[in-house]
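K.L.:
Build me a structure from this.
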Amino acid sequence: MTAAIFRGKRRRAAAAVGAVTFGLVALSACDKPTPLATVTVGSKTVTSEAACYNDGDAIASDKVLGCLKESSGKTVKASMEDKIRFGVDPKIADEGWTLFINDQAVEAEPNKKTFRSIPASAFFSGGQGAAAKETKVSIVEAGTGKALGVWNFTLERTS
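P.N.:
This next block holds a predicted model:
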């Protein structure tokens, strides 16, 4: 009778050790997720992880242009009358962030707020009176003058 009790305890102990070991292996295999950025138009919100992110360290300057050109597959539709709301993780806001339109910086100073709104017409106005049908917008975390992360979105004009 005593032998049966010890076998059950050993089995439970082995199962517990196995579960803990499996949990530690699973955790060590996970990458730390990047901070998120969101774009909202009306009630439609699209969230994206970074196209490039170096865990808070600067991205090599020769790689930043490639990061800006990457497609996230995240598209938001907006009309010229809509307001486009940009939101960033507080970690991004602490460092400062700026917008790029079609791979070109459009702001002189980084923004340190987690949220801001801009009229959609600012993104679709084209030269010589023609309005663009689609615009690529990138949020760039820009701490100390260096790019720390890049989040890409596509804005598509509906009317």
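
K.L.:
Please give me every residue in contact with K146.
P.N.:
58-59, 61 (Cβ atoms under 8 Å, 6 or more residues apart in numbering). Glycine gets a C-beta too; all of them are placed from N, C-alpha and C.

K.L.:
Mind listing the strands the strand ranked longest in the chain pairs with, and their directions?
P.N.:
Longest strand of the chain, by residue count under DSSP state E: strand 146-157. Strand 146-157 has these partner strands in its sheet, going by DSSP bridges: strand 52-53 (antiparallel), strand 75-78 (parallel), strand 134-143 (antiparallel).

K.L.:
Would you map the strands across the protein?
P.N.:
Listed in chain order, the strands of the chain (DSSP E) span 37-41, 44-48, 52-53, 75-78, 83-88, 97-101, 104-105, 115-119, 134-143, 146-157.

K.L.:
wait, which of those is closest to G66?
P.N.:
Nearest to G66, of all those, is strand 52-53, at 7.8 Å by Cβ to Cβ.

K.L.:
Touching the closest one from outside, list them.
P.N.:
By Cβ under 8 Å, 6+ apart, the list of residues contacting strand 52-53 from outside reads 34-35, 59, 63-64, 66-67, 70, 147-150.

K.L.:
With respect to A108, which of the residues you listed is nearest?
P.N.:
Distances from A108 to those, taken by Cβ to Cβ, are shortest for A147, at 15.6 Å.
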